[in-house]
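# output the structure for:
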Amino acid sequence: MSDIAPKRIAVIGSPGRIDGALRKPIPELMKRVSHNTGNLASWYAIDRHVAAKKTYFGWDFDPEQIRNEFDVVIFAESIQLNPDWDLGNLARRLEATQKPLVVLGLGVQLDDFDEPPQLSPGTQRLISLFGERCVRVGMLGDFSASVAVKYGARNVEVIGCPSNFINTWHTDLGVRIARRLVGTRKPYRLAVNLDLNLQLATTIRRCVSWLQEWGGYLVVQTSISPIHLALGQADRVPPEELRYLSNLLFDSEWDESIRQFLSSQLAVFFDAEAWMSAIRPSRLSIGTRLQGNILAFQAGVPSIVITHDSRTKELADTIAFPTVTEYEILEAKSLPDLISGIEFDGAAYDLRRRALARRYIDILTASDLPVSADILSFALKTESTARLLAPAE
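Numbering: from 1, shown residues only. Below is the predicted model:
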């Protein structure tokens with residue numbers, strides 16, 4: 001792709017890591033990751049796949065600076081189009097840059113797929129802007145694509161999430177994972193990735209009980225109090241937060257044994273590559289968090305997403321990822337019993353992943369962005385273009 005003229009690229013996001021994280025206060029770190037460390041996964045992928053110098057900005061970017069100093073803006077965060085949010089301010093700021101946009105992995109977040117969301121006027125304007133400024137808008141899945149079309153962005157392309165293409169060195173990643181999944185037995189470490197909210201309390205407690213039995217990590221992505229605990233800063237957590245966590249995770253009162261367990265099992269990462277390295281020795285990753293499980297999967301760890309809303313189910317279906325429902329979690333007699341009931345076609349995942357990678361590459365190249373040699377090589381290692389573009393089962 002060397003014949004593409006160099007562009008000055010602004011990225012709203014990061015290269016997949018926060019440098020100097022140990023020296024920064026947690027509220028600042030959470031702001032830098034848009035209040036979810038899972039964003040590091042897609043940011044890291046895009047940083048590797050766009051083979052050019054990039055300058056990174058947070059959501060507080062200066063539109064005038066970008067207008068004067070850059071040629072294109074990559075919006076690297078996979079926003080959830082949520083009816084409870086109004087993204088009008090973001091729409092105004094991106095519009096003021098007057099620059100072409102590249103958007104990758106846009107998705108809707110609802111409890112279910114019963115009906116399309118009624119989005120706020122500001123969010124509707126953001127979707128319309130994406131339609132105007134993007135060559136094609138990369139979407140999480142078919143449902144999200146239909147919502148974007150409804151609100152005016154007709155130039156959509158389903159790609160899933162860029163984080164699904166981090167591992168470009170194993171074209172048979174799904175087959176490898178399927179083989180390891182069948183052989184998963186204790187005692188081995190788990191990586192448990194959970195949304196820490198009361199609506200999922202029963203599922204959370206079941207997963208934590210397996211963590212107590214098997215050992216491993218409870219990876220936190222969004223909540224400041226558990227992050228303090230993960231970093232050995234229990235003294236900074238208000239007593240009411242400790243009581244909340246103890247009840248949520250264990251249905252029990254806070255005590256010294258719970259403090260010791262959480263201090264040793266909780267983990268947080270502000271570097272996607274370090275995250276994958278830490279999780280790689282695990283024998284299984286499971287939970288409600290998408291990106292935590294995707295990062296583990298890309299590191300070669302069998303992973304299972306517990307689908308609990310439209311976004312988790314849509315992305316898992318798009319990329320043919322292993323899933324279970326909350327009901328299946330609660331009905332399982334044991335973790336091995338749950339694993340034995342999972343139907344995962346590794347070859348179908350591999351085929352679908354390369355097809356989605358080609359669509360992703362098409363968006364980058366159509367936007368005149370240089371693409372790295374490793375993902376190009378990965379996407380082209382295929383028997384048949386026609387088979388690659390076959391829809392997911």
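
# report the central residue of this structure.
Taking CA atoms, centre = their mean, the centroid of the chain lies closest to residue 291, which sits 3.1 Å from it.

# find me the pLDDT at it, would you?
At residue 291 the predicted local confidence, pLDDT, stands at 95.

# to what extent is residue 277 buried, counted in neighbours?
Burial of residue 277, expressed as a neighbour count using other CB atoms under 10 Å, amounts to 12. (C-beta placed from N, C-alpha, C; glycine too.)

# and it, its phi and psi?
Note on residue 277: its backbone torsions stand at phi -60, psi -40 [degrees, to the nearest 10].

# now it: closest residue in space that isn't a chain neighbour?
For residue 277, ignoring the flanking residues on the chain, the nearest one in space by CB to CB, 6 or more residues apart in numbering is residue 299 at 7.5 Å.

# quick check: the one you found touching residue 170?
No: with contacts defined as CB atoms under 8 Å, residue 299 does not count as touching residue 170, sitting 10.5 Å away.

# give me the more crowded residue out of the two.
Neighbours per residue, other CB under 10 Å: of residue 299 and residue 170, the larger number sits with residue 299, 22 against 14.

# ok, now which ones touch the more buried one?
When contacts are counted by CB atoms under 8 Å, 6 or more residues apart in numbering, residue 299 is found next to 167, 276, 277, 279, 280.

# and it, what's its pLDDT?
According to the per-residue confidence, residue 299 scores 98 in pLDDT.

# which sections of the stretch 51-200 of the chain are below the confidence cut-off?
When the per-residue scores of the stretch 51-200 of the chain are filtered using pLDDT under 70, the ranges that remain are 185-187.

# please name every helix or strand in contact with the longest strand seen in the chain.
Residue-count comparison of every strand in the chain, with assignments taken from DSSP state E, identifies strand 101-108 as the longest. Secondary-structure packing of strand 101-108 (3 or more CB pairs under 8 Å, 6 or more residues apart in numbering; DSSP states H and E): helix 39-49, strand 72-75, strand 80-81, helix 121-133, strand 137-139, helix 142-150, helix 310-319, helix 346-366.

# how far away is residue 182 from residue 323?
The span separating residue 182 from residue 323 equals 17 Å under the rule CB to CB, to the nearest Å.

# which of the two has more neighbours?
Set side by side, residue 182 and residue 323 show unequal neighbour counts under other CB under 10 Å, the larger going to residue 323 at 20 against 13.

# phi, psi of that one?
Taking degrees, to the nearest 10, you get phi -140, psi 160 for the backbone angles of residue 323.

# then residue 325?
When read as degrees, to the nearest 10, the backbone of residue 325 gives phi -100, psi 170.

# my guess is residue 378 contacts residue 358, does it?
No: counting by CB under 8 Å, residue 378 sits too far from residue 358 to count as a contact (9.9 Å).

# looking at those two, which is more packed in?
Looking at residue 378 and residue 358 with other CB under 10 Å, you find the greater number of neighbours at residue 378, namely 22 against 19.

# now the more buried one. Nearest residue, chain neighbours left out?
The nearest residue in space to residue 378 (CB to CB, 6+ apart) is residue 168, at 3.9 Å.

# number of nearby residues for the one you found?
A total of 21 residues lie near residue 168 under the criterion other CB under 10 Å.

# related to what we said a few turns ago, among the contacts of residue 299, find me the one that's closest to residue 208.
Taking CB to CB as the measure, residue 208 sits nearest to residue 279 out of those, at 17.4 Å.

# quick one, what contacts the closest one?
Here residue 279 is in contact with 191, 217, 219, 285, 295, 296, 299, 301 (CB under 8 Å, 6+ apart).

# try 7 Å
With contacts defined as CB atoms under 7 Å, 6 or more residues apart in numbering, residue 279 is in contact with 191, 285, 295, 296, 299, 301.

# tell me the pLDDT of it.
At residue 279, pLDDT is 95.

# from residue 204, how far out is it?
With the distance defined as CB to CB, residue 279 ends up 19 Å from residue 204.

# one more: residue 6?
With distances taken as CB to CB, residue 6 is found 48 Å from residue 204.

# again, but for residue 70
Plainly put, residue 70 is 43 Å away from residue 204 if you go by CB to CB.

# these two: which is more packed in?
With neighbours defined as other CB under 10 Å, residue 70 and residue 204 compare such that residue 204 has more, 25 against 18.

# ok so that one is a helix residue?
Yes: per DSSP: H, G, I helix; E, B strand; the rest coil, residue 204 lies within a helix segment.

# could you find the closest non-adjacent residue to it?
Taking CB to CB, 6+ apart as the measure, residue 204 lies nearest to residue 194, with 5.4 Å between them; neighbours along the chain are not counted.

# what about residue 27, which helix or strand?
Assignment of secondary structure by DSSP states H and E places residue 27 within helix 26-32.

# mind exporting that helix as PDB, just the C-alpha atoms?
This file holds the C-alpha atoms of helix 26-32, laid out as PDB (Å, rounded to 0.1, in the frame of the first residue of the first chain):
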ATOM      1  CA  ILE A  26      -7.500   6.100  38.800                       C
ATOM      2  CA  PRO A  27     -10.200   8.800  37.800                       C
ATOM      3  CA  GLU A  28      -7.800  10.200  35.200                       C
ATOM      4  CA  LEU A  29      -7.000   6.700  33.900                       C
ATOM      5  CA  MET A  30     -10.700   5.900  33.600                       C
ATOM      6  CA  LYS A  31     -11.300   9.100  31.700                       C
ATOM      7  CA  ARG A  32      -8.500   8.200  29.300                       C
END
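
# check which residues of that helix are buried.
Within helix 26-32, the residues scored as buried using 16 or more other CB atoms under 10 Å are 26, 29, 30, 32.
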